[in-house]
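Engineer: here's a sequence, model it:
(chains A and B)
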Amino acid sequence: MSVPEWKHFEHGADIGVYGSGTTVAEAFIQAAQALTAVITNPDAVAATIKIEIECEAPDLELLFVDWLNALIYEMAIRNMLFSRFEMELEASHLHAFVWGEKLDQNKHQPAVEVKGATYTALKVSQDKDDIWYAQTVVDV
Amino acid sequence: MDLNLFKQENNYTWRIEPTGQMRVPAIIYADESLMREMDLKVYEQITNVATLPGIVKAAYAMPDAHWGYGFPIGGVAVFDPEQDGVVSAGGVGFDISCGVRTLHTGLTYLDIERVKEGLATQLYNDVPAGMGSTGNIRLNHQQMDAMLKGGAHWAVTNGYGNNEDLLRIEEQGCMPGADPSQVSDKAKHRQRDEMGTLGSGNHYLEVQHVTEIYDPKVAEAFALKQGDAVLSIHCGSRGLGHQIGTEFLRSMAISASQYGIDLPDRELACAPIHSTVGQSYLGAMRAAINCALANRQIITHLARGAFSRILPQAALTLLYDVSHNTCKEEAHTIDGNKRRLYVHRKGATRAFGPGHVDIPESLRSIGQPVLIGGTMGTASYILTGTVEGEQRAFSSACHGAGRAMSRRQAKKRWYGHQLVEELAARGIVIRSPSLRGVAEEAPGAYKDVSAVVDAADQAGLARKVARLEPMICIKG
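Structural biologist: Down below sits the predicted model:
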C-alpha cells in the first residue's frame, strides 16, 4: 500500500471514504480528499480561500466523523469545495486549516452533494505496518 | 443471501427467529429472486434493529431493502414508549421526510410530447437542482421558525399553492409537535439558501405518463387514466434535515450507554422516547418533516409556473404526498388493544388501508395512495394501502426500486452523456447539472422496480393501481 493515499470503497446506496498515512492527522487529511472526490475531481479545486476548523470528540472515531461533518457543513454554508488541508491533532482534539474555492458548476460539475458522514464501516486504526487509516460511509 | 438463514412462511415472507440479543423476530417481504440478490448486510442490519429496546412484534424489511446505515434502507421498526421504547436518529436517517409527491396535470401524453423539450428546459430553469443550487427564498429567523412549525401550511399561507393541496398531504401538510427551538442554529443556517431546491443524488422531478392501469376502480378514485400526464417530485428536508440527522446521531450515540442501551452498531444511535434527548430529537425531526413538506410545496409552485408558461391549459392538482424517512406516532391495534406507537420508516412508505382516519375523506373508502419512485429509465408505480397491510408491517410498503449497485460501480460502468442519448432515443428527456451524477443514477444501478412492486403487491403490503413511465426527468 502506498502512503499517504485516499480511495473510495463500496457501499450499496452511498459511498465509503478512506484515507491512510503515517499519522492519524495524515489519514484524516487523505480521507478529506476522498470526500471532495465524491463530489468532483480534487485536482480541479483551487486552494484560494482559507477556513479554520476545530473539533473535539470523546474518541478518535467520533473525531473522524466530526471532522468530515465539519467539512460537509462548511461546504454547504459557504458553497465551497476543499482541496488542501493542514492539521494538528492531539488526543481527541483537532485544529485544521483548509483551503478551497467557491463551487463553480461548469468547472467542477458536482456529481452529488454529501448529506452527512455516517458511523457505518467507521474505523480509525493502525495496520500491522503501523500505517494509520480512517474510513467511513458518507450519505449522498 | 443464503435462503437457509430464513424460515419461509410463504412465497413473499421470510422470517428470522430471534436469537442472541434479538427481542423480536425479523421479517423480510420479497420474492425468492429479490431475496437471493439482497445484500447480506440487510440480514445483519435487520437483526440488529430487532435488539433495540421496546420494539413491537418484529423488525421488518421491505422488498426494496438494501444496505443502509444502522437500519437497512427499506426498514420498518415500531417502538412502544410504555415499554422503554426508543426513537432512533439512525432509524430515520439524514434526509428526514424525503418523499414523493405526485400531481395530476390535466394533460395527456400527447399534450406533453408536443412541447417536451421546451417544457424540460423551463422546468430545469425554474426548479433549482444539484449541489450548490440555491432558491430565491431567504427566511429570517422568525420566518424560519414559522416554516418549521407550519410546513406546507406555512408555504400555502405565503402564496405557494392553495388550500386544496393541503388535503392531499400526510398530516394535511403540517406535522404537529414540531419544536423549532430544538433545531440548532447550524441546521437553520444550512437551510438558509435551500428552500425550494431539489437537491441531488436520487432526487428528481419527473413528468410521467400513465402506461397501465391495474385496478380500474381505484384508479378512477385516484382520477388516473391511461395516457394521462402526471408530475412527480422526489426530495426532502435538504440541509436542515441533514444537519439535524448529523447532530442527533452523535448525541444519541454518546448518550445511549447512559440509558443502558447496548448498541450493536453505533449507527443505530437511539434514546428512550421518554428521555430528554428523545423528546428533543422528536421536536427537531418533526420540524424537519415540516421543512420537507414546505420544500415540496414550494417546488410544486415553481413547477406550476413552468407549466403555465409552456402549457397554459395545465391544471396541477395533488394526487398525494408521502414521506419515506420518518418516525411518526400512530395508533395501532396489537392483540385487540389500541396503542400509541412510534413507527420508524427508513426508506419505506406509509400505506394506510381503506377506512383509516388519517386518509383524506375523499379517498378514505379506497385507501391511501402509495407512491413508489422508480428510476429515470424504467417506471414508477402508484399503489393503494390495504387492510391486511396493518398486520403485515404496520401499514408500510416499499419506497422505490432500491439500489442494486454502488455509485462507484455505476460510475465505472456508464457514461452520463451516453445515458442521456440512450434515454433520449427512448423518448425520455434528461436535464441535469452533472453528467457524472446521471451516470451514478443509471437505471441499471437499481433493482427491477417492477419486481419490487409486484412483491409488495403479492405480500399484501399495498395493491398495484397504475404504472407511470418517465417523459422528462430533471435530475439534481
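Engineer: can you list the residues of the stretch 351-476 of chain B near chain A?
Structural biologist: Neighbours of chain A within the stretch 351-476 of chain B, by Cβ under 8 Å from any Cβ of the partner chain: B:403, B:406, B:407, B:408, B:409, B:411, B:433, B:434, B:435, B:436, B:437, B:440. For the C-beta atoms, the positions are set from N, CA and C on the backbone; glycine is no exception.
Engineer: was I right to think the second one contacts residue A:15?
Structural biologist: Just to be clear, that refers to residue B:406. Yes - counting by Cβ atoms under 8 Å, residue A:15 is a contact partner of residue B:406 at 6.8 Å.
Engineer: so which helix or strand takes in residue B:166?
Structural biologist: In this structure, residue B:166 sits in helix B:163-167 according to DSSP states H and E.
Engineer: flag every residue of the stretch 51-200 of chain B that's near chain A.
Structural biologist: Counting by Cβ under 8 Å from any Cβ, the stretch 51-200 of chain B sits next to chain A at B:66-70, B:73, B:90, B:93-95, B:130-132, B:134, B:186, B:189-190, B:192-193, B:199-200.
Engineer: repeat that for 7 Å
Structural biologist: Residues of the stretch 51-200 of chain B found near chain A (Cβ under 7 Å from any Cβ of the partner chain) are B:66-69, B:73, B:94-95, B:130-132, B:186, B:189-190, B:199-200.
Engineer: which of the residues you listed lies closest to residue B:449?
Structural biologist: Ranked by distance to residue B:449 (Cβ to Cβ), these are led by residue B:66 at 13.0 Å.
Engineer: how many other residues sit next to residue B:312?
Structural biologist: For residue B:312, the tally of surrounding residues (other Cβ atoms under 10 Å in any protein chain shown) stands at 7.
Engineer: find me the pLDDT at it, would you?
Structural biologist: pLDDT for residue B:312: 97.
Engineer: confirm that it sits in a helix.
Structural biologist: No - Residue B:312: not assigned to a helix; according to DSSP: H, G, I helix; E, B strand; the rest coil it is coil.
Engineer: looking at residue B:406 and residue A:15, which is more packed in?
Structural biologist: Neighbour tally, residue B:406 and residue A:15, criterion other Cβ under 10 Å: the higher count belongs to residue A:15, 25 against 21.
Engineer: hmm, the more buried one is touching residue A:8, no?
Structural biologist: Yes - using Cβ atoms under 7 Å, residue A:15 is in contact with residue A:8, at 5.5 Å.
Engineer: shared neighbours, these two?
Structural biologist: Residues touching both residue A:15 and residue A:8 (Cβ atoms under 7 Å, 6 or more residues apart in numbering or on different chains) are residue B:408.
Engineer: between the residues of the stretch 51-200 of chain B next to chain A, which sits nearest residue B:351?
Structural biologist: Ranked by distance to residue B:351 (Cβ to Cβ), these are led by residue B:73 at 16.7 Å.
Engineer: how many neighbours does the residue nearest to the closest one when sequence neighbours are not counted have?
Structural biologist: The spatial neighbour of residue B:73 that comes closest, neighbours along the chain excluded (Cβ to Cβ, 6 or more residues apart in numbering or on different chains), is residue B:347 at 3.7 Å. Neighbour count for residue B:347, taken as other Cβ under 10 Å: 26.
Engineer: next, the buried residues of the next helix or strand after the helix holding residue B:166.
Structural biologist: Per DSSP H and E, helix B:163-167 leads on to helix B:185-191 as the next helix or strand towards the C-terminus. Residues of helix B:185-191 classed as buried under the neighbour-count rule (16 or more other Cβ atoms under 10 Å in any protein chain shown) are B:186, B:187, B:188, B:189, B:190, B:191.
Engineer: helix/strand/coil for the closest residue to the first one other than its chain neighbours?
Structural biologist: In this case it means residue B:186. Of all residues not flanking residue B:186 in the chain, residue B:243 sits nearest, at 5.6 Å (Cβ to Cβ, 6+ apart). Of the three states, residue B:243 takes helix under three-state DSSP.
Engineer: report how many residues lie close to residue B:243.
Structural biologist: Residue B:243 has 30 neighbours, counted by other Cβ under 10 Å.
Engineer: right, and it touches residue B:191 too?
Structural biologist: No - the pair residue B:243 / residue B:191 is not scored as a contact, 8.0 Å apart, by Cβ under 7 Å.
Engineer: which among the residues of the stretch 351-476 of chain B next to chain A count as buried?
Structural biologist: By neighbour count, with 16+ other Cβ under 10 Å, those hold B:403, B:406, B:407, B:408, B:411, B:433, B:434, B:435, B:436, B:437, B:440 as buried.
Engineer: for residue B:410, see how far away the closest residue to the second one other than its chain neighbours is.
Structural biologist: If the residues on either side of it in the chain are set aside, residue B:406 comes closest to residue A:10, at 4.4 Å by Cβ to Cβ, 6+ apart. Here the criterion is Cβ to Cβ, to the nearest Å. By it, residue A:10 lies 11 Å from residue B:410.
Engineer: any idea how far residue B:66 is from the residue nearest to residue B:73?
Structural biologist: 8 Å.
Engineer: got any residues that touch both of those two?
Structural biologist: Counting by Cβ under 7 Å, 6+ apart, the common neighbours of residue B:347 and residue B:66 are B:73, B:74.
Engineer: for the residue lying closest to residue B:122 once chain neighbours are set aside, grab the count of nearby residues.
Structural biologist: Spatial nearest neighbour of residue B:122, chain neighbours left out: residue B:306 (4.3 Å); criterion: Cβ to Cβ, 6+ apart. Counted with other Cβ under 10 Å, the neighbours of residue B:306 add up to 24.
Engineer: which ones are touching residue B:306?
Structural biologist: Contact partners of residue B:306, counting by Cβ under 7 Å, 6+ apart, are B:122, B:123, B:126.
Engineer: so for the longest helix anywhere in chain A, what gets flagged as buried?
Structural biologist: If you go by DSSP state H, chain A has its longest helix at helix A:60-78. Within helix A:60-78, the residues that count as buried by 16+ other Cβ under 10 Å are A:60-77.
Engineer: as CSV, could you dump the C-alpha coordinates of stretch B:413-433?
Structural biologist: Presented in CSV, the C-alpha positions along stretch B:413-433 are these (Å, rounded to 0.1, in the frame of the first residue of the first chain):
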residue,chain,number,x,y,z
ARG,B,413,-19.9,1.2,-16.0
TRP,B,414,-21.8,4.1,-17.6
TYR,B,415,-21.0,7.5,-19.1
GLY,B,416,-23.5,10.2,-18.4
HIS,B,417,-23.7,11.6,-21.9
GLN,B,418,-24.3,8.1,-23.4
LEU,B,419,-27.1,7.5,-20.9
VAL,B,420,-28.7,10.9,-21.8
GLU,B,421,-28.5,9.9,-25.5
GLU,B,422,-29.9,6.4,-24.9
LEU,B,423,-32.8,7.7,-22.9
ALA,B,424,-33.4,10.5,-25.5
ALA,B,425,-33.7,7.7,-28.1
ARG,B,426,-36.4,6.2,-26.0
GLY,B,427,-38.3,9.5,-25.7
ILE,B,428,-37.1,10.4,-22.2
VAL,B,429,-35.6,13.9,-21.9
ILE,B,430,-33.0,14.4,-19.1
ARG,B,431,-31.9,17.7,-17.8
SER,B,432,-29.1,17.6,-15.1
PRO,B,433,-26.3,19.9,-14.0
